[in-house]
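Enquirer: Sharing a sequence plus its predicted fold:
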Amino acid sequence: MRLSAESRRGQTLPLWTLSIAAALAVLFFLTNYTNTLRWGIRAQSAADSAASAGIATDASSFNEETTLEFTAAVEEMRIRYLVQGMMNTVNKSSVCGASCDANYASLRSAYLNALLGYALINIAMLLDFGINDNGLQNSPSSAVALIPANCSTFDCAFSYSSSYNGASETVDVTACKKVPFFSPALLGLGATPTFTALGRSVATLAPISEAFVPGNTNPKNGLPFQPDESPAGANADYLVSFKKLTVNMTWYVAGTTRPSALGPGYACS
């Protein structure tokens, strides 16, 4: 028996209803998934930025010490040459004749200036070491604590926690936030369930060592990095040269490293 057109009307309505319901379910699922993924990426970026800021305190401190040590080595070499120059003036007074006194005075003046510079460098070293010992070095927690006051640089939507490992020179930072699911919030369904957006980053210092000769030629301009000095004229007995000085230096660059196993403390409150 054939059904009339009137009796066939509405047979596809349940199919359309189920299709629309399935499409909405998929849409809500994709919306929540996309939102979760977006917050996860944002949390990881926030943790990376905070970890880099934390380890930067150590990198700056160590590199400052390296710079002071290099400056002290150059000044010490200058002092050695000037002392030798004054001795040459005394021992070869028959050669320099009437100019001996003037040469000696010039060398002595340069020596006193170099000695003052060397003393100031040592004071700077003591101050630097004292500052570090008093807690400004190895203070990632202090650096991370400054994040809420610098929202133009860091993502203040997250709460941060950090720890420092002095043995491995690493800063471990987590950024977390309880985020409501997008779809229930969009539909206004009252109490909205949340998910945890959690990012973790571990930053460390990578040492870069180099042996540097201050008297070598700078390839960019063809001039010595530290040119020879002649405080008492062109006489070779009074020359201050840095060509025989080699300074071994270590610089520190911040980078990321593989984190250890996730501990119980890495969770949002």
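Expert: Good, I have the coordinates.
Enquirer: and Gly215, that's in a helix?
Expert: No: read with DSSP: H, G, I helix; E, B strand; the rest coil, Gly215 is coil and lies in no helix.
Enquirer: got a list of what it touches?
Expert: Gly215 makes contact with Pro224, Phe225, Gln226, Pro227, Asp228, Ser241, Phe242, Lys243, Lys244, Leu245, according to CB atoms under 8 Å, 6 or more residues apart in numbering. (Glycine included, C-beta is placed from N, CA and C.)
Enquirer: what helices or strands is the one helix or strand Leu68 maps to leaning on?
Expert: If you go by DSSP states H and E, Leu68 is part of helix 13-91. Applying 3 or more CB pairs under 8 Å, 6 or more residues apart in numbering; DSSP states H and E, one finds that helix 13-91 makes contact with helix 100-131, helix 140-145, strand 159-165, strand 170-180, helix 182-187, strand 194-212, strand 247-256.
Enquirer: Return the closest of the contacts of Gly215 with respect to Asn91.
Expert: Nearest to Asn91 among the contacts of Gly215 is Ser241, at 19.4 Å by CB to CB.
Enquirer: Pull the contacting residues for the closest one.
Expert: For Ser241, the contacting residues are Tyr81, Gly215, Asp228, Glu229, by CB under 8 Å, 6+ apart.
Enquirer: and the gap between it and Gly215?
Expert: Going from Ser241 to Gly215 by CB to CB, to the nearest Å gives 6 Å.
Enquirer: Please apply the same query to Asn63.
Expert: Asn63 sits at a distance of 23 Å from Gly215 (criterion: CB to CB).
Enquirer: Just the buried residues out of the contacts of Gly215, in PyMOL syntax.
Expert: Filtering these down to the buried ones (16 or more other CB atoms under 10 Å) takes a single PyMOL command:
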select buried, resi 224+226+241+242+245
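Enquirer: what's the residue closest to the geometric middle of this protein?
Expert: Closest to where the C-alpha atoms of the chain average out (CA atoms, centre = their mean) is Ala56, at 3.2 Å.
Enquirer: related to what we said a few turns ago, as JSON lines, the helices and strands packed on helix 13-91 with mean neighbour count and distance to Thr36 would be great.
Expert: Listed next are the helices and strands packed on helix 13-91 as JSON lines, based on neighbours: other CB atoms under 10 Å; distance: least, CB to CB, whole Å:
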{"stretch": "helix 100-131", "mean neighbour count": "15", "distance to Thr36": "44"}
{"stretch": "helix 140-145", "mean neighbour count": "18", "distance to Thr36": "25"}
{"stretch": "strand 159-165", "mean neighbour count": "18", "distance to Thr36": "18"}
{"stretch": "strand 170-180", "mean neighbour count": "23", "distance to Thr36": "8"}
{"stretch": "helix 182-187", "mean neighbour count": "15", "distance to Thr36": "8"}
{"stretch": "strand 194-212", "mean neighbour count": "17", "distance to Thr36": "6"}
{"stretch": "strand 247-256", "mean neighbour count": "15", "distance to Thr36": "24"}
